[in-house]
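Novice: sequence first, then the predicted structure:
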Amino acid sequence: MVREIVHRIATTPFEGQRPGTSGLRKKTRVFMQPHYLENFVQSIFNCLREDDGADLRKEILIIGGDGRYFNRQAIQTIVRMCAANGVGKILVGRGGILSTPAMSAAIRRRGAIGGILLSASHNPGGIDGDFGVKFNARNGGPAPQKLTDRIYGHTQVLKDYLMLGSPDLELDRIGSIRLAGSEVEVIDPLADYTAVMESLFDFDILRALFRSGFHMVFDGMHGVTGPYARHILEGCLGAPEGTVIRGVPLEDFGGHHPDPNLAHAAELIERMDGPDAPELGAACDGDGDRNLILGRGFFVTPGDSVAVIARHAPECIPGYRGGLSGVARSMPTSTALDRVARRMGIPCHETPTGWKFFGNLMDAGKCTICGEESFGTGSDHVREKDGLWAVLSWLSILAVIKKPVSDVVKDLWLEDGRSYFQRHDYEGLDVTAAGNMIESIREGLPSLEGTEIAGSTVTMADDFSYVDPVDGSVSRRQGIRIILSDGSRIVFRLSGTGTEGATLRLYFERLRFDWDAGSDSVLQPLIDAAQNLLQLRSRVGRDRPTVIT
Ligand code: G1P
Ligand code: ZN
């Protein structure tokens, strides 16, 4: 017998900073404090009900996460709160699992009011790692800042929250039960996502590719994508068993950083070396929205990857046969996509960092494919970046073009030149010192124009402002860009997603047509110039980045 008593639990307003565009992201232990998670979740309900006038009894809400430590416990709490708040139907991914793109797909396919997603993306998990809660809205995308701000407003005046006194939900079995006035259904976390992939890609062509002996390796990094990759690659497409490595989601991601880049996917990169290496290597991050693409002994930069996908999608992927309405990249991302767009005769939008800007363009039908330098690629099939989608896109391109990964990318360079690109991260900086440094550079920007840097003239130096072409909203101070007369760019900005201290990101891009040099030598003059300009040693006590990607 289920005890269905709704408790009204007194609480005090939420302490801590305003959640950003990736939701609320904190150390796991912070989330485990009494009332912390509950306060945030109740504020979502209050916001939907009081500000937006939603009748929750008529709505579907979806819950799932990337399987990290505290995921299951948090889901039990949220289910009880949903039922206590009278949500009509609550859908929960089996085992508490839903990748970020799968959540987006499920919200859209099922017409849900939104979803509560538990993840801290590529940040490490575990009791001493990170945890996060994010609300995705009806379009399947992360809550826009305006909505996040309103939710935060509710956390500041919250006096109590509602919680159903009921036993734990059986999370590992598909099925449906009633809890108070709500129907709670445990759903297959793979079903909606797989259906969307089948609607975009030609699974027959991909099956034929694997039947012909095509060899790939997919690294799940012990994040949430393992089960999706096993189901789609090994199950639906017939890739041999063992194609997916590190495919079981673990609460601490096996002790690793589930971030698919050159620093954290070392084992995969090693496997991709040598003449017998697989033809395609790929990895996804903890929650499945980021991706890394490798050829045999060849790293595809995210900026080149999105350019290749956009260039070939209409010809190689049935879902894009009608052409692309436009493409978009975040400001720091390399300009390879701009050149492809020009060639294709479609608009290329340059947005601030963060996926929500792409979502607006997509909702307005202005963008089909987009990407970020931070290993995020996606399209308008969902409103999140989508790691496995990028892998299936590459497979489709290779199946049709029948060339090695490296040649597909080199063809791009031959057409339009090569954007050498690197990002240098300086992590764990003193917040005040980092803020002051950016401020003083910002003040000096006007006098930078016309000066010589790295053998070229500065043609433009500004702090990027973006006017959203859809709703006219203006986002200021989105990153400092210094553009040189040879087209090179130096960009820097402070991260908005770190959980400890400040992180400074420096981005370097240089376009070259003789593209056989190593990235380090081509970019060194820009790196030296940035060091000179920023005076990192004296300002923040560092002269070397923590991570280079
Ligand atoms: C980082 C990436 C950005 C991405 C975001 C969420 O944000 O740089 O491209 O959208 O994570 O995955 P940042 O920490 O730079 O603000
Ligand atoms: Zn992620």
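Specialist: Great, that's in hand. Ligands and ions are numbered 1, 2, ... in the order given.
Novice: what helix or strand is residue 178 on?
Specialist: Using DSSP states H and E, residue 178 maps to strand 175-179.
Novice: tell me what that strand is packed against?
Specialist: helix 71-84, strand 182-187 (3 or more CB pairs under 8 Å, 6 or more residues apart in numbering; DSSP states H and E). Any C-beta I mention is one placed from the backbone N, CA and C, and that applies to glycine too.
Novice: now do 10 Å
Specialist: If you count contacts as 3 or more CB pairs under 10 Å, 6 or more residues apart in numbering; DSSP states H and E, strand 175-179 packs onto helix 71-84, strand 89-97, strand 182-187.
Novice: would you reformat these as a markdown table and include distance to residue 267, mean pLDDT and mean neighbour count?
Specialist: A markdown table is the format used below for those (distance: least, CB to CB, whole Å; pLDDT from 0 to 100; neighbours: other CB atoms under 10 Å):
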| stretch | distance to residue 267 | mean pLDDT | mean neighbour count |
| --- | --- | --- | --- |
| helix 71-84 | 24 | 97 | 22 |
| strand 89-97 | 23 | 97 | 23 |
| strand 182-187 | 33 | 97 | 20 |
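Novice: restricting to C-alpha, output the strand holding residue 178 in PDB.
Specialist: Only the C-alpha atoms of strand 175-179 are listed here, as PDB (Å, rounded to 0.1, in the frame of the first residue of the first chain):
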ATOM      1  CA  GLY A 175       6.000  -0.100 -16.200                       C
ATOM      2  CA  SER A 176       3.600   2.300 -14.800                       C
ATOM      3  CA  ILE A 177       2.100   3.000 -11.400                       C
ATOM      4  CA  ARG A 178      -0.100   5.700  -9.800                       C
ATOM      5  CA  LEU A 179       1.300   7.900  -7.100                       C
END
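Novice: could you list the low-pLDDT ranges of the stretch 401-549 of the chain?
Specialist: 498-499 (pLDDT under 70).
Novice: on the three-state scheme, the residue in it that ligand 2 sits nearest to is what?
Specialist: Nearest residue of the stretch 401-549 of the chain to ligand 2: residue 497, at 9.7 Å (CB to the ion). Counting by DSSP: H, G, I helix; E, B strand; the rest coil, the backbone at residue 497 sits in coil.
Novice: next one: residue 389
Specialist: Assignment for residue 389 (three-state DSSP): helix.
Novice: hang on, isn't it packed against residue 199?
Specialist: No. If you go by CB atoms under 10 Å, residue 389 and residue 199 don't touch, sitting 11.6 Å apart.
Novice: so which of the helices and strands packed on strand 175-179 is nearest residue 34?
Specialist: Minimum separation from residue 34 across the helices and strands packed on strand 175-179 (CB to CB) falls at helix 71-84, 11.1 Å.
Novice: alpha carbons of that closest one, as CSV, please.
Specialist: Extracted C-alpha coordinates of helix 71-84, given in CSV (Å, rounded to 0.1, in the frame of the first residue of the first chain):
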residue,chain,number,x,y,z
ASN,A,71,21.5,10.3,-9.8
ARG,A,72,19.2,7.6,-8.5
GLN,A,73,18.6,9.2,-5.2
ALA,A,74,17.9,12.6,-6.7
ILE,A,75,15.4,11.0,-9.1
GLN,A,76,13.5,9.4,-6.2
THR,A,77,13.2,12.8,-4.6
ILE,A,78,12.1,14.5,-7.8
VAL,A,79,9.5,11.9,-8.5
ARG,A,80,8.0,12.3,-5.0
MET,A,81,8.0,16.1,-5.5
CYS,A,82,6.4,15.8,-9.0
ALA,A,83,3.6,13.7,-7.6
ALA,A,84,3.1,16.0,-4.5
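Novice: now it, how far from the chain's geometric center?
Specialist: In terms of CA atoms, centre = their mean, to the nearest Å, the centre of helix 71-84 is found 24 Å from the chain centre.
Novice: that older thread, what does the strand holding residue 178 contact?
Specialist: Residues outside strand 175-179 that contact it (CB atoms under 10 Å, 6 or more residues apart in numbering) are 2, 4, 79-80, 82-84, 87, 89-91, 94, 164, 166-167, 169-170, 183-187.
Novice: sorry, back to before: with distance to ligand 1 added, can I get the helices and strands packed on strand 175-179 in a markdown table?
Specialist: Below are the helices and strands packed on strand 175-179 laid out as a markdown table (distance: least, CB to the nearest ligand atom, whole Å):
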| stretch | distance to ligand 1 |
| --- | --- |
| helix 71-84 | 18 |
| strand 89-97 | 19 |
| strand 182-187 | 25 |
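Novice: so which of those gets nearest residue 337?
Specialist: Closest to residue 337 of the helices and strands packed on strand 175-179, according to CB to CB: strand 89-97, at 32.2 Å.
Novice: can you name the element that comes right after that closest one?
Specialist: Beyond strand 89-97 on the C-terminal side, the first helix or strand identified by DSSP H and E is helix 100-110.
Novice: that following helix: how far from the chain's middle?
Specialist: Relative to the centre of its chain, helix 100-110 is centred 14 Å away, using CA atoms, centre = their mean.
Novice: which parts of it are buried?
Specialist: By neighbour count with 16 or more other CB atoms under 10 Å, helix 100-110 contains the buried residues 100, 101, 102, 103, 104, 105, 106, 107, 108.
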